[in-house]
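>>> Structure of the sequence below:
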Amino acid sequence: MVELKTDTSIEAMYAAGQVVGQALTAVRKAADVGVSLQELDEVAREVLRGAGATSPFLGYRPSFAPVPFPAVICASVNDAIVHGIPTGYRLRDGDLVSIDCGAELDGWVGDSAISFTVGRARPADVRLIETAERALAAGIEAAVVGNRIGDIAHAIGSVCRTAGYGVPDGFGGHGVGRKMHEDPSVPNEGRPGQGLPLRHGMVLAIEPMLVASGKDGYHAASDGWTLRTNDGSRAAHAEHTVAITEAGPRILTVRETL
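Residues are numbered from 1 along each chain as shown. Purely as a prediction, here's the structure:
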């Protein structure tokens, strides 16, 4: 069932979203060659603690997971698409990093993700990340009252496919509210004019995931969480929590532009 949020609830979710934005900004600033993924996780933990927020990621265990998630960020490097567990791995020159983070504040959740490179960036990685951001922007632009879920999905998928990138099947966005994952599902490909109608008060996590090779295949790594591309090609991930309002889409996880 899809819960429509009141305007007051959306304001509360905006507060949670700002904590997420601050955490992602802090992690991005801290990320550099030689810094470990666990150190980046600690940066995000400190932001959450300082804001009086908790993590909806930490201890989360969906049905597919062999163990509860042990961190407050997902840190996915190079061929990891999403759900990477922060380890002692130290970032290397040219790594492509995707960081997904959530925060729960006063009972409401925000969820967002960014991708970036450390050290000397490969031009192909820059293009991949820029396309992920364009796909996210297209999805947000389509998130208006009167449209349908399929319009968001079609907008995202069109940007990704036109650029020649793969779109992992079965993974996409979702509703957000009191819980991190709520109805409805928001696919990254779809047919315009199809699916659930968009109404004022719906809050969605819109999150394109792109595979550089143009292929869609992926597999779960041995940790049971990390999803990796089948062909070893690089991936990027971008995400915002967005409220659908009569005045247009409102990004609740706004962050500093670096």
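
>>> What segments of this structure are strands?
73-77, 80-82, 96-105, 108-117, 173-175, 182-186, 203-206, 209-211, 218-220, 227-229, 235-237, 240-245, 248-251 (DSSP state E).

>>> Output the ones you listed in JSON lines; the columns should cover distance to residue 40.
All C-beta spots, glycine's among them, are computed from the backbone N, C-alpha and C. Converted to JSON lines, the strands of the chain look like this (distance: least, Cβ to Cβ, whole Å):
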{"stretch": "strand 73-77", "distance to residue 40": "6"}
{"stretch": "strand 80-82", "distance to residue 40": "14"}
{"stretch": "strand 96-105", "distance to residue 40": "7"}
{"stretch": "strand 108-117", "distance to residue 40": "11"}
{"stretch": "strand 173-175", "distance to residue 40": "23"}
{"stretch": "strand 182-186", "distance to residue 40": "27"}
{"stretch": "strand 203-206", "distance to residue 40": "21"}
{"stretch": "strand 209-211", "distance to residue 40": "20"}
{"stretch": "strand 218-220", "distance to residue 40": "22"}
{"stretch": "strand 227-229", "distance to residue 40": "19"}
{"stretch": "strand 235-237", "distance to residue 40": "15"}
{"stretch": "strand 240-245", "distance to residue 40": "20"}
{"stretch": "strand 248-251", "distance to residue 40": "23"}
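
>>> residue boundaries of the helices in this structure?
7-30, 37-51, 123-141, 149-162 (DSSP state H).

>>> And the contacts of the third one?
Contacts made with helix 123-141 from outside it, assessed by Cβ atoms under 8 Å, 6 or more residues apart in numbering, are listed as 94, 96, 115-117, 152-153, 155-156, 158-160, 163, 165, 173, 186, 188, 206-210, 212, 234-240, 242, 249, 251.

>>> how much space between residue 169 and residue 227?
The gap separating residue 169 from residue 227 is 11 Å, by Cβ to Cβ, to the nearest Å.

>>> Could you do residue 254 as well?
Counting by Cβ to Cβ - residue 254 and residue 227 are separated by 27 Å.

>>> Neighbour count for these two, which is higher?
Counted by other Cβ atoms under 10 Å, residue 254 and residue 227 do not tie: residue 227 has more neighbours, with 20 against 15.

>>> shouldn't that one be in contact with residue 211?
No - assessed by Cβ atoms under 8 Å, residue 227 is found out of contact with residue 211, at 10.4 Å.

>>> who touches both of these two?
81, 168, 218.

>>> if I pick the first one, what's in contact with it?
If a contact means Cβ under 8 Å, 6+ apart, then residue 81 has 98, 168, 171, 209, 211, 218, 227-229, 235, 237 as its contacts.

>>> Look up how far residue 169 lies from it.
12 Å.

>>> possible to save the strands of the chain as a markdown table with mean pLDDT and distance to residue 15?
Converted to a markdown table, the strands of the chain look like this (pLDDT from 0 to 100; distance: least, Cβ to Cβ, whole Å):
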| stretch | mean pLDDT | distance to residue 15 |
| --- | --- | --- |
| strand 73-77 | 98 | 20 |
| strand 80-82 | 98 | 25 |
| strand 96-105 | 98 | 6 |
| strand 108-117 | 98 | 8 |
| strand 173-175 | 98 | 18 |
| strand 182-186 | 97 | 18 |
| strand 203-206 | 98 | 13 |
| strand 209-211 | 98 | 27 |
| strand 218-220 | 97 | 34 |
| strand 227-229 | 98 | 31 |
| strand 235-237 | 98 | 24 |
| strand 240-245 | 98 | 12 |
| strand 248-251 | 98 | 13 |
